[in-house]
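J.: Need a 3D model of the sequence below.
(one chain, ligands or ions: 1)
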Amino acid sequence: MRITVLGGCGAWPEAGQACSGYLVEHDGFTLLVDVGYATVPRLLERVSQDQVDAVFISHGHPDHCADLNPLLRSRALRDDPPAPLPVYALPGALNAVLALDRPGMLDAAYVLHEFTAGSRLDIGPFRAETRLLSHWVPNAGVRLTVDDRVLVYTGDSGPSPEVVELARDADLLLAEATYVDQVPEDSRRDLSSARQVGRQAAEAGVGELLLTHLQPGTDPATARAAAADGYQGKVGVATTGLVIDLG
Ligand SMILES: [Zn+2]
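T.: Below is the predicted model of the structure:
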């Protein structure tokens, strides 16, 4: 399983970067996990639009799904459109982004598979176990397994025992860490800090931790250090172009 970070900015894309988007590839199958602002140009530097085999979206905030629109346009508006793209999302999460174009224009470009958080999905070679994690809108954390390799992605989530359960013994935990230390009072159930996800990574016994969704302007080294206070394993920060091979 190979993970390529298309973007890891929280909230909005910084210069030259993109919001949440991760290519997860195995055995010729390409799954795109989240399609936040500015991820499509980073995607197209690496693979063509018709090489994406499926899309999984954690939740309906635009920094996680806005570029689904240009991705679908880039497939629908070709002379030889590829087969409809399977898109997995929670019920209603994509209503807004799918309504951007005139009714019907993109209908043939995708097949929407709405799932209930907690369900298990088979997406190409990946087994995907989903779990509802705490955020302002319904957010599906996902545990992707192939050949005994496990990637867990939190989407956006406040800390909870569910995060630890989902991440148990994963090879890589890709975790939202908007803040470094303290999460503002009004966001404590909905977002996490690097310090908190470091502790959760240790509790879950994960092999490696990759921080993502840092608030623009955050010093990555400071975030890494805060996570490393509670977690002894390898800690990285997701930036455009980073590749991690899980073997
Ligand atoms: Zn969000």
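
J.: Phi, psi for the residue sitting furthest away from the middle of the chain please.
T.: Ranked by distance from the centre of the chain (CA atoms, centre = their mean), the top residue is residue 79, with 30.4 Å. Backbone torsions of residue 79, given as degrees, to the nearest 10, read phi -70, psi -30.

J.: Near the ion, which residues of the protein? Just list them.
T.: Proximity of the chain to the ion, by CB under 5 Å from the ion, involves residues 61, 156. Heads up, the C-betas are built off the backbone N, CA and C, glycines and all.

J.: what's the longest helix in the chain?
T.: helix 194-204 (DSSP state H).

J.: Mind exporting the C-alpha coordinates of it to CSV?
T.: Extracted in CSV, the C-alpha atoms of helix 194-204 (Å, rounded to 0.1, in the frame of the first residue of the first chain):
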residue,chain,number,x,y,z
ALA,A,194,-0.9,17.3,17.7
ARG,A,195,-0.3,16.7,21.4
GLN,A,196,-3.6,14.8,21.7
VAL,A,197,-3.1,12.7,18.6
GLY,A,198,0.4,11.8,19.8
ARG,A,199,-1.2,10.4,23.0
GLN,A,200,-3.9,8.6,21.0
ALA,A,201,-1.3,7.1,18.7
ALA,A,202,0.6,5.7,21.7
GLU,A,203,-2.5,4.3,23.2
ALA,A,204,-3.5,2.6,19.9
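
J.: so after it, what's the next helix or strand?
T.: Downstream of helix 194-204, the first helix or strand assigned by DSSP states H and E is strand 208-212.

J.: any residues touching that next one, and which ones?
T.: 5, 8, 10, 20, 171-177, 194, 197-198, 201, 220, 223-224, 227, 231, 233-238, 242, 244 (CB atoms under 8 Å, 6 or more residues apart in numbering).

J.: Give the pairing partners of it; include direction for each.
T.: strand 172-176 (parallel), strand 234-237 (parallel) (DSSP bridges).

J.: mean confidence score for the very next helix or strand once past it?
T.: Remark: after strand 208-212, the chain's next helix or strand is helix 220-228, criterion DSSP H and E. Across helix 220-228, pLDDT averages out at 98.

J.: Output the contacting helices and strands for helix 220-228.
T.: helix 194-204, strand 208-212, strand 234-237 (3 or more CB pairs under 8 Å, 6 or more residues apart in numbering; DSSP states H and E).

J.: How far away from the center of its chain is the helix or strand following the shortest one?
T.: Along the chain past strand 234-237, the next helix or strand (assigned with DSSP H and E) turns out to be strand 243-245. Between the mean C-alpha location of strand 243-245 and the chain-wide mean there is a distance of 15 Å, by CA atoms, centre = their mean, to the nearest Å.
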